[in-house]
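**Q** Predicted model follows, preceded by the sequence.
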Amino acid sequence: MTNIIEASSMTKRVALGKNTELSILRDINLKVKKGEFLSVMGPSGSGKSTLLYNISGMDRMTSGSVKYQGREIGSLKEEDLAKIRLGTMGFIFQDINLLKNLSLIDNIMFPALAAADANKHTISQKAKQLMKMTGIEKIADHTSTQGSGGQLQRVGICRALINNPDIIFGDEPTGALDSKATEEIMSILAEINKTGTTVMLVTHDVKVAAKTERILFMIDGKIVSQKKMRKYDARQDDRKEREESIMKWLMENGL
Ligand SMILES: Nc1ncnc2c1ncn2[C@@H]1O[C@H](COP(=O)(O)OP(=O)(O)OP(=O)(O)O)[C@@H](O)[C@H]1O
């Protein structure tokens, strides 16, 4: 299997005042395989979101190397990076920031309409198909003030998928949801992963991490440990065991 991401010796430092710097990421070495489903855990402030933003090129690392699909993202111009992000990456956040004056389906179509050769009819068909897949086709013409948290998060997933990304990055995508909606969103992400899309999530939730096949654990800007598991399969009925082994591993890591 080839790697979609290869980060080596990546660091991120920010200036705090005139003579002080804060190291947010320290010597990150990470390979993500194409089609992998992984999660990042660790205490608050350990650098999980910063890791996601820097390997996806949403933020610029300070030093080191990140190869995305074989291309060094550190040396790309902002314009080229933006094209790669728009065309091959999908992002889901805890707060999905929908445009309030647009319908939900228009919000989903929005990133696809930015492409120069956009065909509105094809994009609309694709958006409808995604809404059907995530079970929200009935609320296509509603606005974001009319949906539940779980429904709006599905809109966020559809929006992330509209350009057929090779990878989906999620920063606490279920952070604001109850456990039922979390389960539903994770099932959708697992289905998407099954079709070959790489999925990488930041999460505090053991139940979310238990659906992934590799968990990275960060402390103080470093990946200090990782846990590999079999790909989750709901038919195996081993959810409890997976969750318990993650809890044990987190405790061993001092969380
Ligand atoms: N632009 C910035 N300027 C200054 N400090 C920053 C900046 N970005 C992040 N930080 C700090 O870097 C550290 C890591 O932040 P980050 O959001 O990546 O952590 P996290 O592990 O995702 O935390 P949480 O679980 O609370 O979301 C935090 O202490 C944060 O305050």
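**A** Here it is on my side, so go on.
**Q** could you list every residue that touches Ile96?
**A** The contact partners of Ile96, taken as Cβ atoms under 8 Å, 6 or more residues apart in numbering, are 152-153, 155-156, 159. C-betas here are computed from N, CA, C, even on glycine.
**Q** From those, which land in strands?
**A** Members of the contacts of Ile96 lying in strands (criterion: DSSP state E): none.
**Q** Show me these that map onto helices.
**A** Those of the contacts of Ile96 mapping onto helices are 152-153, 155-156, 159, per DSSP state H.
**Q** filter the contacts of Ile96 to the buried ones?
**A** Among the contacts of Ile96, those scoring as buried are 152-153, 155-156, 159 (criterion: 16 or more other Cβ atoms under 10 Å).
**Q** How about the contacts made by Thr174?
**A** Thr174 neighbours (Cβ under 8 Å, 6+ apart): 94, 153, 181-182, 185-186, 203, 205, 208.
**Q** What segments of the protein are helices?
**A** Using DSSP H, the helices of the chain run over 48-55, 78-88, 104-113, 120-133, 149-161, 179-194, 206-209, 239-252.
**Q** Looking at the ones you listed, which is nearest to the ligand?
**A** helix 48-55 (3.4 Å; Cβ to the nearest ligand atom).
**Q** for this structure, which spans come out with low pLDDT?
**A** The chain contains residues with pLDDT under 70 at 1, 116.
**Q** What parts of it come near the ligand?
**A** With the criterion set to Cβ under 6 Å from any ligand atom, the chain comes near the ligand through 14, 22, 24, 42, 44-50.
**Q** Can you add distance to Leu216 and give the buried ones among the contacts of Ile96 back as JSON lines?
**A** Listed next are the buried ones among the contacts of Ile96 as JSON lines, based on distance: Cβ to Cβ, whole Å:
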{"residue": "Leu152", "distance to Leu216": "28"}
{"residue": "Gln153", "distance to Leu216": "23"}
{"residue": "Val155", "distance to Leu216": "28"}
{"residue": "Gly156", "distance to Leu216": "23"}
{"residue": "Arg159", "distance to Leu216": "26"}
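**Q** picking up where we left off before, and the furthest pair within the residues of the chain next to the ligand?
**A** Val14 and Gly42 (18.4 Å; Cβ to Cβ).
**Q** Looking only at neighbour counts, state which of those two leads.
**A** Counted by other Cβ atoms under 10 Å, Val14 and Gly42 do not tie: Gly42 has more neighbours, with 25 against 12.
**Q** Find the residue closest to the more buried one in space, skipping its chain neighbours.
**A** Spatial nearest neighbour of Gly42, chain neighbours left out: Met218 (3.5 Å); criterion: Cβ to Cβ, 6 or more residues apart in numbering.
**Q** Go through the contacts of Thr174 and give me the one with the most neighbours.
**A** Counting neighbours by other Cβ under 10 Å, Gln153 leads the contacts of Thr174 with 28 neighbours.
**Q** can you pull the contacts of that residue?
**A** Counting by Cβ under 8 Å, 6+ apart, Gln153 touches 92, 96, 173-174, 176-177, 181, 185.
**Q** Nearest to Glu191, out of those: which one, please.
**A** Ile185 (10.8 Å).
**Q** Would you quantify the distance from that closest one to Leu177?
**A** In this structure, Ile185 and Leu177 are 7 Å apart, going by Cβ to Cβ, to the nearest Å.
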